[in-house]
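[1] My questions concern the predicted model and sequence given below.
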Amino acid sequence: MNRDRRHILKWFDVEVVSLAILSRAILPIVARLTVHSSSPADLFIQWDAVYYVGITQHGYTRPMNFFPAFPIFVRGLTIIGFSTVPAALLAANLLFIVGVWTAARWAAQSGGEDVGLNLALLLMFFPTTIFFSTAYPESMLLLLSAVVFLLAPRRTWLASAFAAIASAARPPGMFLSLVVLISGPARPWGHRIAQAGIALTGLFAWCAWNAVAWRNPLAWMAGELAGGRLGHVTSLTGWVLLPLWQITQSSTYVLTSTSGTFLDPLMAIVAVALLPVLYTERRWSELLYAAPSVLAPLLTGAVGHRSAGFARYAVVLLPLLYLGAEWIGSSRWARALTVLILASLALWCINLFFRGQFLG
């Protein structure tokens, strides 16, 4: 690599990290302007974040589908002196900043610096970007999946170790084992299977803990069933088609929606439509990660018509966001217009979140 190339990459890194920090720094200001609170930090602890903070403080008191990697990481910060809520917010934001930088380097590696910068901007201004700055594990999964995609082609064993942590962070993390399985240099299938097995050890450890604690290795899944969040395939009809019908019948549906639920069917359709693009571009490892990550919550009804859960899940689907970054290309006008549209939606969703109206 020549001197000019090193200079470009160095400036690229500074640009991405600086923008990521700035995108997180404005959120407390938005919180202040949105809702008057004696403790602005508490505004970030909404919905599932309440459970993650509770798990960090008290552990698991019942079977729950909240994976342990993020609470363990936050607990580590509390050991060195942070209180729980600041530790959770610090962890989420630091993981996001490093995750954006890693994802941008991965995208720049195959598509160039323009694509890397576009991907970073998509992550910073995605409508549900607020979940990267609260006590949710989305930031952790973003960083770990970016590291796996970056390392898998050359250092597959190391990628397997990061994928193992991801499999204990969020359910889509288990699908990174498929990336490890088919990526990398030519090697015996025994090695590939062993690496994929290592990539699932976080999930295996989580199931083993459930077996000891609740006498059922899948108790965490049973917790979702008890909460009524897992449905069946037919739930997809009412979840996607009903909101779309409302959108076509009333131009004010989107403007008057108070929970952002219209984002779910729209993003689901976009995500499913992009999967064939990964196939035509022969991006096999990314397709094997994105396809089950998109289809599993849709076909099981794990996200319902009263939540914007899929919109939250979609924010960490790097292969699909990479396609968007490629589409924007090097045009500054396309980049500026994309950021403007996404930032407007993001500010609206952030406003709803701080008011307790955005279900995640």
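    That came through fine.
[2] and Thr201, how many neighbours?
    18 (other CB atoms under 10 Å). In this view, the C-beta of every residue, glycine as well, is placed from N, C-alpha and C.
[3] Verify the stated contact: it with Ser167.
    Yes - using CB atoms under 8 Å, Thr201 is in contact with Ser167, at 7.3 Å.
[4] Only the buried residues of the helix or strand containing Ile55, if you could.
    Remark: Ile55 resides in helix 48-58, with elements defined by DSSP states H and E. In terms of neighbour count (16 or more other CB atoms under 10 Å), helix 48-58 has its buried residues at 48-49, 51-56.
[5] Widest-spaced pair of these?
    Using CB to CB, the buried residues of helix 48-58 span at most 12.7 Å, a distance reached by Asp48 and Thr56.
[6] from the middle of its chain, how far away would the lengthiest helix in the chain be?
    When the chain is parsed with DSSP state H, its longest helix is helix 3-34. From the chain centre to the centre of helix 3-34 is a distance of 19 Å (CA atoms, centre = their mean, to the nearest Å).
[7] go on, stretch 116-129?
    12 Å.
[8] CA atoms only: put that stretch into CSV for me.
    Extracted C-alpha coordinates of stretch 116-129, given in CSV (Å, rounded to 0.1, in the frame of the first residue of the first chain):
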residue,chain,number,x,y,z
GLY,A,116,-17.9,2.5,3.2
LEU,A,117,-18.9,6.0,4.0
ASN,A,118,-22.4,5.5,2.6
LEU,A,119,-22.8,2.4,4.8
ALA,A,120,-21.7,4.3,7.9
LEU,A,121,-24.2,7.1,7.1
LEU,A,122,-27.0,4.6,6.7
LEU,A,123,-26.3,3.1,10.1
MET,A,124,-26.1,6.6,11.7
PHE,A,125,-29.3,7.9,10.3
PHE,A,126,-31.4,4.7,9.9
PRO,A,127,-34.9,5.5,11.2
THR,A,128,-34.5,3.1,14.1
THR,A,129,-30.9,4.2,14.9
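[9] From Ala222, how far out is the nearest residue to Thr338 once chain neighbours are set aside?
    Computed as CB to CB, 6 or more residues apart in numbering, the closest residue to Thr338 that is not its neighbour in sequence is Ile328, at 5.6 Å. Counting by CB to CB, to the nearest Å, the gap from Ile328 to Ala222 is 43 Å.
[10] what about the two, which has more around it?
    Ile328 (22 against 16).
[11] residues making contact with the helix or strand hosting Ser177?
    Per DSSP H and E: Ser177 is located in helix 176-182. Helix 176-182 has contacts (CB atoms under 8 Å, 6 or more residues apart in numbering) with 144-145, 148-149, 152, 156, 159-160, 163, 166-167, 192-193, 195-200, 284-286, 288-289, 292.
[12] if you set the cut-off to 6 Å instead, what comes out?
    With CB atoms under 6 Å, 6 or more residues apart in numbering as the test, helix 176-182 has contacts from 148, 152, 159-160, 163, 166, 192, 195-196, 199-200, 284-285, 288-289.
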